[in-house]
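Chemist: Below is the sequence, then the predicted model.
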Amino acid sequence: MEIVVIGGDAAGMSGASQIRRLQGGWPITVVERSPLTSYAACAVPYFFAGDLASAGDLGVVTPAAFREHSRIDVRTHTEVLAIDPRARRVAVRRDDGGEEAIAYDRLLLATGALPVRPTWEGVELDGVFFLRSLADSLALANRLHTGASRAVVVGGGHVGLELAEALARRGLAVTVVERAATLWGGGDPELSRLAVDELAAHRVAVRLKSAVTGLVGQGGQVVAVATEGGEIACDLCLIALGVRPNVALAAAAGIGLGESGAIAVDEGQRTDRPGVWAAGDCCEVLHRVTGRPCYLPLALAAHRAGRVAGTTMADGEARFPGVVGSLAFKCFDLAIARTGLTPAAATAAGYAPRGVTVEAESHAPASTGHVPITVTLWFDATTRRLLGGRLAGREPSVAKRCDLLAVAITTGMTVGEVADLDLTYAPPFGPVWDPLLQAAARAARECGN
Ligand SMILES: Cc1cc2nc3c(=O)[nH]c(=O)nc-3n(C[C@H](O)[C@H](O)[C@H](O)COP(=O)(O)OP(=O)(O)OC[C@H]3O[C@@H](n4cnc5c(N)ncnc54)[C@H](O)[C@@H]3O)c2cc1C
């Protein structure tokens, strides 16, 4: 059984490795455009901040290691140009310009996502960057070596904020421009205020409600970002407006897409074409709260879906039960995390969301280093089911506390049940009444529990 995988990152290599575990003798070919496999995009902001020694450290497992230890034929610097699902073969082009066809019996599409590219004038200027691929990261790294001193980050989502921190830590004067009234989408003014304060404390300027109208160039190089409120001078501009699924190959091959525009798959990651599977950021995932497919491109989901695809491709049994959309990131010393549905998504799914926000201390008063943690919980006013949550605080445990909420949401707990959880208590780790318990108790009281 000949296996071909398109895309050698999280989903593709998880899938290929799982097939190798289950089917030791099957030939597996992975076709990857870039020079690396298992490229840690999530670590890119820390690479720019100077926390990694070199770009090579972004490759978690090298192509050579996959070839040697897993007997996977990894073909880097090679791009798939087209899929012919009837003839079961893919057309590829190597870096040397040579083209060939590779036959498959089973194909895994793991082509990931592409950055959203606005149609603004000047978007092609030198000094304008979109950060997604390794090539994007290397191009920005080269620019930083040439002495840029002012950067504008367009987009106040998690990637924009992580990169704003990284560039500021490199000594650049950074301005974050965001069209919405709050940072990090979702319209949470309190959380946005905390992030704006944290950025301001580290001399990063933030312009909210500021729509970009174009990029201004001089001699082919970007020199300013034009907004409705005027121009902001810069040496480089980083556009971080989110991603869209990379589905051009799939669409051209007639593989079915879902409502979100990402590839539609069943629980075993099969597409609607016989012999073709898909996983990761190019695909839809099932949301465990709504029970509907959605587009939530995140790393762990890509690995998990890749593993499920690998299992079913290798004649094993597996199903991907879905995601709740958990994400954590840091903006300087502020940790921010979210899981579950936003109020807007909850309303769209037919729930009647209500929210509570609590600010509580991270530790017992007797211990040193206690800081406030802000917890917002959303729950259904009728069933009291916990639907979503957000946390922020200058304390790393924010992410792990969010994980606890993810468990509660996954298992369908009510806010009353969360308030009754028997959690640990010891002064070095937290207060007797953890901020989560306090928030859940407040929510339960508001429902008359
Ligand atoms: C800066 C940054 C920070 C992030 N931080 C986080 C985080 O903190 N937490 C989190 O959960 N997620 C984070 N993500 C998202 C995470 O990186 C992705 O969810 C994850 O990489 C998805 O894996 P994937 O394998 O589906 O797709 P990708 O990682 O996009 O991999 C797709 C691969 O396919 C290859 N490819 C595409 N088309 C072709 C073709 N035609 N031929 C050959 N090869 C092709 C590409 O070169 C690429 O290597 C971050 C992303 C970025 C960019």
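Modeler: Nice, thanks for sending it over.
Chemist: Name the SS class of whichever residue of the stretch 151-300 of the chain sits closest to the ligand, please.
Modeler: Per Cβ to the nearest ligand atom, residue 280 is where the stretch 151-300 of the chain lies closest to the ligand, at 2.2 Å. From N, CA and C alone the C-beta is placed, and that goes for glycine too. Following DSSP: H, G, I helix; E, B strand; the rest coil, residue 280 is assigned to coil.
Chemist: And for it, the neighbour number?
Modeler: Using other Cβ atoms under 10 Å, residue 280 has 34 neighbouring residues.
Chemist: Spit out the contact partners of it.
Modeler: Residues in contact with residue 280 (Cβ atoms under 8 Å, 6 or more residues apart in numbering) are 7, 9-12, 110-112, 297, 301-302, 305-306.
Chemist: how far away is the residue nearest the centre of the chain from residue 102?
Modeler: The residue lying closest to the centre of the chain (Cα atoms, centre = their mean) is residue 298, at 3.8 Å. Residue 298 is 30 Å from residue 102, where distance means Cβ to Cβ, to the nearest Å.
Chemist: just residue 293 next, same as before
Modeler: From residue 293 to residue 102 the distance is 30 Å (Cβ to Cβ).
Chemist: contacts with the ligand among the contacts of residue 280, please.
Modeler: Within the set of those, contact with the ligand (Cβ under 6 Å from any ligand atom) is found for 7, 9-12, 110-112, 297, 302.
Chemist: What about these, which one has the most neighbours?
Modeler: Result: residue 11 is most packed of those (other Cβ under 10 Å), 33 neighbours.
Chemist: Helix, strand, or coil at that one?
Modeler: helix.
Chemist: in which helix or strand would I find residue 224?
Modeler: Element membership of residue 224, judged by DSSP states H and E, is strand 221-227.
Chemist: Next to the ligand, which bits of the stretch 1-150 of the chain? Give me the list.
Modeler: 6-12, 31-34, 39, 41-42, 44-45, 79-80, 110-113, 131-133.
Chemist: any chance you could map the helices in the protein?
Modeler: Per DSSP state H, the chain carries helices over the ranges 10-22, 44-48, 63-70, 134-145, 158-169, 189-201, 248-252, 299-313, 343-348, 397-410, 415-419, 435-446.
Chemist: tell me which strands and helices the longest one is in contact with?
Modeler: Packing partners of helix 299-313 (3 or more Cβ pairs under 8 Å, 6 or more residues apart in numbering; DSSP states H and E): helix 10-22, strand 106-109, strand 276-278.
Chemist: rewinding a little: can you pull the contacts of the residue nearest to the centre of the chain?
Modeler: Contact analysis of residue 298 by Cβ under 8 Å, 6+ apart lists 323, 325-327.
Chemist: Residue 20 now?
Modeler: So residue 20 contacts 26, 28, 70-72 (Cβ under 8 Å, 6+ apart).
Chemist: how about the residues of the stretch 251-400 of the chain near the ligand?
Modeler: So far as Cβ under 6 Å from any ligand atom goes, the stretch 251-400 of the chain lies against the ligand at 280-281, 297-300, 302, 329.
Chemist: try it again with 5 Å
Modeler: 280-281, 297-299, 302 (Cβ under 5 Å from any ligand atom).
Chemist: Take the contacts of residue 280 and lay them out in CSV including pLDDT.
Modeler: Listed next are those as CSV, based on pLDDT from 0 to 100:
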residue, pLDDT
7, 97
9, 95
10, 96
11, 98
12, 98
110, 98
111, 98
112, 97
297, 96
301, 97
302, 98
305, 98
306, 98
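Chemist: Can you lay out the residues you listed as a markdown table showing distance to residue 341?
Modeler: Listed next are those as a markdown table, based on distance: Cβ to Cβ, whole Å:
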| residue | distance to residue 341 |
| --- | --- |
| 7 | 29 |
| 9 | 27 |
| 10 | 24 |
| 11 | 24 |
| 12 | 29 |
| 110 | 27 |
| 111 | 27 |
| 112 | 25 |
| 297 | 17 |
| 301 | 16 |
| 302 | 21 |
| 305 | 20 |
| 306 | 25 |
